[in-house]
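J.: Need the 3D shape of this:
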Amino acid sequence: MTVTCTCTDSCQDTDSCTFIVNVDGFLSENTPPTITCPPPVTVISLPGNIGNIATYNPPQCIDAEDNQNQLQTSCSKPSGAFFQGVGPMTVTCTCTDSYQDTDSCTFNIFKCLCFLSENTPPTIICPPPVTMISLPGNIGNIATYNPPQCFDAEDNQNQLQTSCSQPSGAFFQGVGPMTVTCTCTDSCQDTDSCTFIVNIDGEGQSLSLTLTQHVTLKNICSRRDVLRLEKVFKR
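T.: Predicted structure coming up:
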């Protein structure tokens, strides 16, 4: 704001000057906005690997003081733009509130080779077999296993998606061997799969002990049976 000051003498001659009073907003009390970017987007390049148009959901911007119509959101490359070439491209989005405070986030646009036959499929390696002892009644048990390893010549780890038919930590019902299939998918939707066995052993129902000239043990199926046997010999 401009303030004008004037000095007047006895003959009514005057002189004036101006100065500025600047009133700042309470920026220190303002809560900056928060922006959340959309997930990564994958598109297949047009022939010649020149790139392609990519669309994505708008980023979400929220602010404790401002309404949505007071927030301005912009991205370095808008949705529906042409993304040239192949490979990953980073898009940066920024949200600005009414106090000009900002927050930014980034996400990737992945552009695959134009022909999937040119893409090198991923390779997946399953974990080793897992053996668990069934809960009482041979109803099964929870089994955990190490995650499968997925590799790809072109993609980074964050571009690879891995899933298994029965996740680690799930309940495997019944007893006996059960096959788990795991699949790795790369950014061009090429896949590789592998299988491994989760074996649920029965809890062990019988223990036969004959103390004559020799000892015969049958159906030792669990640690519980071993403990029972130890108690017999301690007698």
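
J.: Specify the local secondary structure of Val94.
T.: Check again: residue 94 is Thr, not Val. Three-state call for Thr94 (DSSP: H, G, I helix; E, B strand; the rest coil): strand.

J.: Would you point out which residue is most central in this structure?
T.: Compute the mean C-alpha point of the chain, and by CA atoms, centre = their mean the closest residue is Asn158, 7.9 Å away.

J.: count of residues packed around Lys106?
T.: Just to correct that, residue 106 is Thr rather than Lys. 11 (other CB atoms under 10 Å). The way it works is simple: take the backbone N, C-alpha and C, and place the C-beta from them, glycine included.

J.: you'd agree it is up against Thr92?
T.: Yes: counting by CB atoms under 8 Å, Thr106 touches Thr92, with 5.0 Å between them.

J.: What segments of this protein are helices?
T.: 223-234 (DSSP state H).

J.: Please pull out the lowest mean pLDDT helix or strand from it.
T.: helix 223-234 (a mean of 50; mean pLDDT, DSSP states H and E).

J.: remind me which residues of the protein are low pLDDT?
T.: 24-28, 113-118, 203-235 (pLDDT under 70).

J.: what about 50?
T.: 27, 116, 205-209, 227, 231-235 (pLDDT under 50).

J.: Give me the buried positions along stretch 96-114.
T.: 96-97, 99, 101, 103, 105, 107-114 (16 or more other CB atoms under 10 Å).

J.: Alpha carbons only: can I get that stretch in CSV?
T.: Below are the C-alpha coordinates for stretch 96-114, written out as CSV (Å, rounded to 0.1, in the frame of the first residue of the first chain):
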residue,chain,number,x,y,z
THR,A,96,-0.7,-24.6,-5.4
ASP,A,97,-3.0,-23.2,-2.8
SER,A,98,-4.3,-19.7,-2.3
TYR,A,99,-1.2,-18.7,-0.3
GLN,A,100,1.0,-19.9,-3.1
ASP,A,101,2.3,-22.8,-1.0
THR,A,102,2.9,-25.9,-3.1
ASP,A,103,3.4,-29.6,-3.0
SER,A,104,4.7,-31.9,-5.8
CYS,A,105,4.8,-35.5,-6.7
THR,A,106,6.1,-37.7,-9.6
PHE,A,107,5.0,-40.8,-11.4
ASN,A,108,6.3,-42.7,-14.5
ILE,A,109,4.9,-43.2,-18.0
PHE,A,110,6.4,-46.4,-19.4
LYS,A,111,6.5,-46.8,-23.2
CYS,A,112,7.1,-50.3,-24.4
LEU,A,113,8.6,-51.5,-27.7
CYS,A,114,6.0,-51.4,-30.5
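
J.: Asn146 touches Cys126, doesn't it?
T.: No: in this structure, Asn146 is not within contact of Cys126 by CB under 8 Å, at 9.4 Å.

J.: Which one's more surrounded, those two?
T.: Cys126 (19 against 10).

J.: what's near enough to touch that one?
T.: Pro148, Val180, Cys182, Cys194, Thr195, Phe196 (CB atoms under 8 Å, 6 or more residues apart in numbering).

J.: any chance of the residues you listed in CSV, plus neighbour count?
T.: Shown next, in CSV, are those (neighbours: other CB atoms under 10 Å):
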residue, neighbour count
Pro148, 21
Val180, 23
Cys182, 24
Cys194, 18
Thr195, 11
Phe196, 18
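
J.: Adding distance to Ser168, write these out as JSON lines.
T.: Below are the contacts of Cys126 laid out as JSON lines (distance: CB to CB, whole Å):
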{"residue": "Pro148", "distance to Ser168": "10"}
{"residue": "Val180", "distance to Ser168": "9"}
{"residue": "Cys182", "distance to Ser168": "10"}
{"residue": "Cys194", "distance to Ser168": "15"}
{"residue": "Thr195", "distance to Ser168": "15"}
{"residue": "Phe196", "distance to Ser168": "11"}
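
J.: Right, I'll call it a day here.
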